[in-house]
Structures are given as C-alpha cells and as structure tokens.
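J.: Provided below for reference: sequence and predicted model.
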Amino acid sequence: MEGSKKEEANPWRVLEFYSGIGGLRYSLMKAGVDAVVVEAFDINDVANDVYEHNFGHRPHQGNIQSLSAVDLDRYEADVWLLSPPCQPYTRQGLQKGSGDARATSFLNILELIPQSSRPPLMLFVENVVGFETSDTHEKMIKMLQENHFDTQEFILSPLQFGVPYSRPRYFCLAKRKPLSFQNAQFNNALLRDPGHINGYEESTVTSEEAESPSYWNKLIETCQPIQHFLEMEKNRDEVTSESNVIPPNVAEILMDSEEGNEFIDPSTKYLVPSSLVERWGRAMDIVFPESKRCCCFTKSYFRYVKGTGSLLATVPGKMKNEISSLHELRLRYFTPREVANLHSFPEDFEFPQHVSLRQRYALLGNSLSVGAVGPLLRYLFTHQQS
C-alpha cells in the first residue's frame, strides 16, 4: 500500500539530530508529510536560540555523543534525520573521515541502531560531496545493511529544483524492511539526478551526463533569476516610506548588537569595501540580479570574500559591457535574509535580534537547502509495504 503515513494513521515520530537553525524541520514541513518532530538535538547555543525563536521549542542541548539507546528509545521515534558535521569530509579540510573527532558522534548514533529496542524505520543523512568516498560512509552503509535497511543515495543541487543556487550535497535515504522504496530498482545506487523522486520511474540522465557542463548549462536556464530572491529594493521602499518605521523583515539591516543597533542605509551597509575589490576582484564570483546561478554560501561569508559565496553587482547586467572597472559594479554581499531565501527557508523564518550579523551568516552557511531536501523527504516518506 502506498502512503505517507503509517496504517494506524498516527503521525510519524521524528528525531532531528544536528538540528542547527531548523533546516531539516522546515524541509519536513515542505514535504507535506504527516510527521511530528518529537525532539531535536544540537550543541550550538546560538543555533538553539534561533531554533527556539522560530519553532517555540528549544532543542536538547548537549553532546550528541553522550546519547544512549535507552535515551532514544524513550522517544518512540520512527524516523531519524541527521545532518552531521561536514568538516571531516570537505575538500578544504584534512579529510580525516572517521579519524576526525567531529565524526565520532555520528558514528556513535549509527552504533545505537542495533542496540535499540525500537530502531528507526527510516533514516535521512545529509552531508557535503566527498562524504560518499569516506570511510565514515563505508561504515554507515555496512551498519545499515547489517540492520536490514535498503538505501538510495543522491548527489543533488538546488539548481536541479529550479533554485539559482549551486550547493551540491550528498544525501542518503534509508528504509528498514519490510518498508520499501517506490522505485526499488534504484536501491544501493548513487544517483545524480532527481528524476524519479519527482515521479519519473527511471532516472532521466546518466551519471556521466549529470557531470557534463552542457547538462548544467541547460539546467541553469530553467532556474528562476536571482532577483526573485532579493529583498533590498522592497526594503528600501519600506524604510523610506512616510511612516519612517523600520519593518520587522529588515532586522538584518540593523548593525550587529555589539555595534549599538545603529540603523545604516541598506544600500551601503553590505557594499564590499573598495580595498577588497582591488585585492580580490579577480577571485570573486560576481552575479547580477538577472543571473540564474550563484555559488554556495559558506559559514565564512561576509568575513572573507574569496571562495565563500557570490557577490551581487548592483548595476543591471545589461550595463556590464559599459563598465571599465569592478568598482563601478558597486558589489555588495547578499543579506542574511537573501541567503535564507536561496536556501528556500520560509518567509516567516527570522533571527532573534541578539544574533549578530556574522553569526547569522555562519549559521546559514552550516544549514541546508530546504528546496532540495523537502522533495527528498517527501519521496522517503512515500513507501510501499512489502
């Protein structure tokens, strides 16, 4: 029987590990499945502030590594969602894999599965590209197979879901028998195309095609332009209205709390200093409002300009051939709200006022794409009973 809920019609009970600012929970909401998050876990105090501000519930704060099977059994959870630390697997890091201390908590959670009196029926894991070749991945797959899980793995980007944001990530979907995937022919496979999770019975492109520039160039043309994700023009009109009241949705335009919350013109606050343009201009990824692709924003965005995310030219792209220097582009950073938009976070997501600007960028850089994860969770929760 197909369905996105259990036969007894009770909601799926979900545990959210490494919950951050709630990307997995928002993805679950976007998936539209009958599920309830019974607990979230994260060690980051500021991330938990943001999570509590938006969901009215503060995640369990502490070292996930200290959790036991008995602790998790108490929640009677059906599904575990996990977005463990990516540093052991990033290209910029040392790529120590399971030898990195930051991988320990994830491995410990996996080891709780056979110890549990109520192991999960489904798992979802998100991480950076590179995880799939690590020894941690090898241990994960072995553990899942030994405990009667089928897996389907993906490397996907928001670009493949119409969002002009290049953020390729690894995803593992796992179901414990007798639950089975709708498209079981893809079990134990690593796919680079979202075709069958969108209802197609077969993958629409091969792995080789999905890695070719022509595939991505065609895909980018189907994405929405970046201007649909911007807030500055709208906010400038609101701020200069007769009321002279700063609306709530421009909280990001206030100075950091440690800088006195002094209001700064949004057209200048996010401008890239000319000294940085002179030094790093050739290394910058520059996009225009009409562009249909921008680079991945990392946790170091706004602190550094090289390799941390795209910068926006505030002049129309049609004028770029008339410009003689990068200074004339009036480059600016994307605001935190705009980064959240490109992560497909809902409009009502917001940061508490005490969270500084740098903290907002860092938390967003550590989060995930709701636009990509939502469809994956919808597919995960739709199953066939063997």
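T.: That came through, no problem.

J.: going along the chain, name the helices of the stretch 201-350 of the chain.
T.: With DSSP state H, counting those that start in this stretch, the ranges of helices along the stretch 201-350 of the chain come out as 207-210, 213-221, 232-239, 266-269, 274-280, 336-342.

J.: show me what contacts P336?
T.: E252, F351, L357, R360, Y361, L364 (C-beta atoms under 8 Å, 6 or more residues apart in numbering). Quick note: C-beta positions are derived from backbone N, CA and C, even for glycine.

J.: quick one: the last one is in a helix?
T.: Yes. Assessed with DSSP: H, G, I helix; E, B strand; the rest coil, L364 lies in a helix.

J.: ok, now which ones touch it?
T.: Here L364 is in contact with I21, F297, K299, Y301, P336, V339, A340, H343 (C-beta under 8 Å, 6+ apart).

J.: one more time with 6 Å, if that's ok
T.: Applying C-beta atoms under 6 Å, 6 or more residues apart in numbering, one finds that L364 lies in contact with V339.

J.: how close does it sit to A9?
T.: In this view, L364 and A9 are 37 Å apart by C-beta to C-beta, to the nearest Å.

J.: likewise the third one?
T.: Shown here: L357 relative to A9, a distance of 45 Å by C-beta to C-beta.

J.: so where's the stretch 201-350 of the chain uncertain?
T.: 201-204, 232-267, 317-324 (pLDDT under 70).

J.: residue boundaries of the strands in it?
T.: 286-287, 311-313, 331-332 (DSSP state E, counting those that start in this stretch).

J.: give me the contacts around the second one.
T.: So that's strand 311-313. V272, M284, I286, V287, F288, L329, L331, R332, F334.

J.: hmm, back to that, which of the helices of the stretch 201-350 of the chain is buried the deepest?
T.: A comparison of the helices of the stretch 201-350 of the chain by mean neighbour count, using mean count of other C-beta atoms under 10 Å, puts helix 336-342 on top with a mean of 24.

J.: just the CA trace of it, in PDB.
T.: The C-alpha coordinates for helix 336-342 follow below in PDB (Å, rounded to 0.1, in the frame of the first residue of the first chain):
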ATOM      1  CA  PRO A 336      21.200  37.100   5.500                       C
ATOM      2  CA  ARG A 337      17.500  37.200   4.500                       C
ATOM      3  CA  GLU A 338      18.500  36.700   0.900                       C
ATOM      4  CA  VAL A 339      20.800  33.800   1.700                       C
ATOM      5  CA  ALA A 340      17.900  32.300   3.700                       C
ATOM      6  CA  ASN A 341      15.700  32.800   0.600                       C
ATOM      7  CA  LEU A 342      18.200  31.000  -1.600                       C
END
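
J.: if I look at the spatially most central residue of the chain, what pLDDT would I see?
T.: Taking C-alpha atoms, centre = their mean, the centroid of the chain lies closest to L368, which sits 0.7 Å from it. On the pLDDT scale, L368 is placed at 97.

J.: likewise N188?
T.: For N188, the model assigns a pLDDT of 93.

J.: for it, which non-adjacent residue is spatially closest?
T.: T151 (6.2 Å; C-beta to C-beta, 6 or more residues apart in numbering).

J.: surely that neighbour is within a helix?
T.: No. Going by three-state DSSP, the assignment for T151 is strand, not a helix.

J.: and it, how many residues sit next to it?
T.: 20 (other C-beta atoms under 10 Å).

J.: got a list of what it touches?
T.: Contacts of T151 by C-beta under 6 Å, 6+ apart are L144, C172, A174.

J.: of these, closest to R192?
T.: Proximity of the contacts of T151 to R192 (C-beta to C-beta) peaks at C172, which lies at 13.9 Å.
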